[in-house]
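Q: Sequence first, predicted model second:
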Amino acid sequence: MRRDGAEGRNEVGWKETSGSGGSVMRITREGLERRQIAVYAAALLAGAAIGLTAGEKAEPLGVVVSPALALLLYGMFTQIPLLELRQGRAQGRFAAGLLLVNFVLVPLAVLALAWLVPLEPAVRFGLCLVLLAPCIDYVVVFAQMGRGDGKLMLASTPLLMLAQLVALPLWLWLILGREAAALVEAGPIVQAFLLLVAAPLVLAALTRLAARRSRAGAKALDAAAWLPVPGMAAALLLIVASQAGTAVRHLDAIGPAIPAYAAFLLIGPALAWPTARLLRLGAEASRTLAFSAGTRNSLVVLPLALALPGEAGRLAAAAVVAQTMVELIGELVYIRVMPRLFRGGRRA
């Protein structure tokens, strides 16, 4: 272990401080960030254990998922120089890539998956609903953790929200028919944007402003820097714990959709890669595009799945929940793999 005076830091991020009572080991923020994959994996396992053992009793935990995500996004946004959100041609190329991948290429892939995989009609609706809707909230966090450009992703969330309000019912109509398209409502999507993106963004901007003007504000900003890793772990645990039981109860019906969701985790980035090259995006923007292509709006579209009557609504919701389970595991892989797939330091 390397020491530096009375205070040293070892190679895994634990900080050793010496005092009259002897050495005390305490974890550092950098250590947490280096261990984030292990922390998230532990959170997923803990959530699964809670959800499977508690069953329906764990489902009320879903009520606190949105507040947990809002807190997580607030913590991440405080670490982003909000006044430096990039403008100009680079952002225009990235926006074009987002629209092309998420609303043209991905829907064509979803069309193929929906009809190649044998699914019950309600499960097919749930699969299409969730895979056609790009994420507008925690994708910012995952992209940043995967060495993408969190600022660029954040600046693009209003575009994604507005585009999917138009494209989601259109593609559902093309793939499944008019009745499926009629179930799409703007309310849940707009509400999610306001509560999970806009509100944390405003609070983060106020925190950064206060940090420039007072010591208390600076301390608040420093404290917020600790939120992303434990916040993400808490969100993962709550999501899995509250939804695992639902997925297991309907496993016979939704089982065939699970390989399709796993395939989609490969398809999304595979579609983003040539698009990024075509638009001459830099490495960070390319990674961000890949994260957007592979990350879906599952928590937001869940109420739309439940709009189906009776058992069909429960099956469609279970299909959405199953996608969430598969995606969360995939995101942990993305964080490790994306920097290797999209190499280089040029910003776009």
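A: Received, thanks.

Q: mind checking how far the nearest residue to residue 284 once chain neighbours are set aside is from residue 286?
A: Excluding its sequence neighbours, the residue lying closest to residue 284 (CB to CB, 6 or more residues apart in numbering) is residue 149, at 4.2 Å. C-betas here are computed from N, CA, C, even on glycine. Residue 149 is 9 Å from residue 286, where distance means CB to CB, to the nearest Å.

Q: so where is the stretch 1-150 of the chain shaky, pLDDT-wise?
A: Applying pLDDT under 70 to the stretch 1-150 of the chain flags the ranges 1-26, 82-90.

Q: can you give me the strands for it?
A: Using DSSP state E, counting those that start in this stretch, the strands of the stretch 1-150 of the chain run over 3-4, 7-9, 14-19, 22-27.

Q: For residue 264, see how far away residue 275 is.
A: Residue 275 is 16 Å from residue 264, by CB to CB.

Q: the more surrounded of those two?
A: Ranked by neighbour count (other CB atoms under 10 Å), residue 275 and residue 264 place residue 264 first, with 24 against 20.

Q: For that one, give me its contacts.
A: By CB atoms under 8 Å, 6 or more residues apart in numbering, residue 264 lies in contact with 109-110, 113, 131, 294.

Q: can you check residue 39 too?
A: 32, 229-230, 233.

Q: can I get those in CSV with neighbour count?
A: Formatted as CSV, the contacts of residue 39 follow (neighbours: other CB atoms under 10 Å):
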residue, neighbour count
32, 16
229, 20
230, 16
233, 22
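
Q: can I see the domain layout of the chain?
A: Under the assignment automatic domain parsing, the domains of the chain span 1-34, 35-341.

Q: winner for burial among the ones you listed?
A: domain 35-341 (a mean of 20; mean count of other CB atoms under 10 Å).

Q: Okay, the nearest residue to residue 193 once chain neighbours are set aside and residue 105: tell me how far apart.
A: Once flanking residues are discounted, residue 193 sits nearest to residue 161: 4.8 Å by CB to CB, 6+ apart. Residue 161 sits 19 Å away from residue 105, going by CB to CB.

Q: do the same with residue 260
A: In terms of CB to CB, residue 260 sits 16 Å off from residue 105.

Q: and of the contacts of residue 39, the nearest to residue 186?
A: In terms of CB to CB, no member of the contacts of residue 39 lies closer to residue 186 than residue 233, at 31.9 Å.
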